[in-house]
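build me a structure from this.
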Amino acid sequence: MSRRMLIPLSLAFAVAPSAMAAEAPNPLSLAPFMVGLSVADIDKVSAWYVEKLGFKVTLDVPLGTTGGKLRWIEAGSQRIELMSLPDSKPGPERALPPDHAAVRGYTHLTLQVPDLDAAIATLAARGVKPALGPVPVGSLKVKVAFLRDPEGNMVELLQRASNRES
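Residues are numbered from 1 along each chain as shown. A predicted model of the protein is given here:
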């Protein structure tokens, strides 16, 4: 083997580890998985999400040894984990936006829809009236409406400006 062939091979070995490091997966590559809600009446709340918003129950299991229940409901890529413990306490009642953010913590779940007006019409036929909206939020380039589930949890329906006429 000539001396000329050794140089390119040694360069190849020197480059390989750094190239491999660039391909390593990001340990903080995050993706939405679910939002969790503690509820008093898991059957009533899950029925509302199923009947009104089109979710499906995908998991229903006991919650530890407490006598509680855990239920996953899903629609498309959205998952809500409903948890019901026998001695749970109600949270504070939330005002309508933007005052709902006056109490820290969970404020609302946002679900994107392609056509907010059509979604509101479909919900009206199912007996659901928005608590607020639909209203445009020009600074965010969206149009939104807020619903309340049977226990008062806020659900925001959002349509991006790219999905509607300006």
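
this protein: helices as residue ranges?
3-22, 42-53, 116-125 (DSSP state H).

so where's this structure shaky on pLDDT?
In the prediction, the chain carries residues with pLDDT under 70 at positions 1-21, 163-166.

could you rerun that using 80?
Within the chain, the stretches falling below the threshold (pLDDT under 80) are 1-23, 162-166.

and L59, how many residues sit next to it?
Counted with other CB atoms under 10 Å, residues neighbouring L59 total 11. Every residue, glycine included, has its C-beta placed from N, CA and C.

so it sits against R79, correct?
No: taking contacts as CB atoms under 8 Å, L59 lies outside contact range of R79: 9.3 Å.

any residues in contact with both of the two?
W72 (CB atoms under 8 Å, 6 or more residues apart in numbering).

what sits against V35?
For V35, counting by CB under 8 Å, 6+ apart, the contacting residues are R79, I80, E81, Y106, L109.

please read the previous query as pertaining to L59.
Contacts of L59 by CB under 8 Å, 6+ apart are L70, R71, W72.

for the last one, give its distance to K56.
What that stands for is W72. Summarising the geometry, the distance separating W72 from K56, computed by CB to CB, to the nearest Å, is 9 Å.

ok, now A22?
As it turns out, when the distance is counted by CB to CB, A22 lies 41 Å from K56.

one more: V128?
Here the distance between V128 and K56 works out to 18 Å (CB to CB).

how about E74?
Counting by CB to CB, the gap between E74 and K56 amounts to 6 Å.

kindly report the same for L82.
Using CB to CB, one gets 13 Å for the distance from L82 to K56.

need the overlap of contacts for the two.
Overlap between the neighbourhoods of L82 and K56 consists of I73, taking contacts as CB under 8 Å, 6+ apart.

okay, the two: which has more neighbours?
Between L82 and K56, counted using other CB under 10 Å, L82 has the larger neighbour count: 23 against 11.

tell me the contacts of A101?
T107.

burial count for G91?
The criterion is other CB under 10 Å. On that basis, G91 has 14 neighbouring residues.

separation between it and V57?
From G91 over to V57 (counting by CB to CB), the distance is 23 Å.
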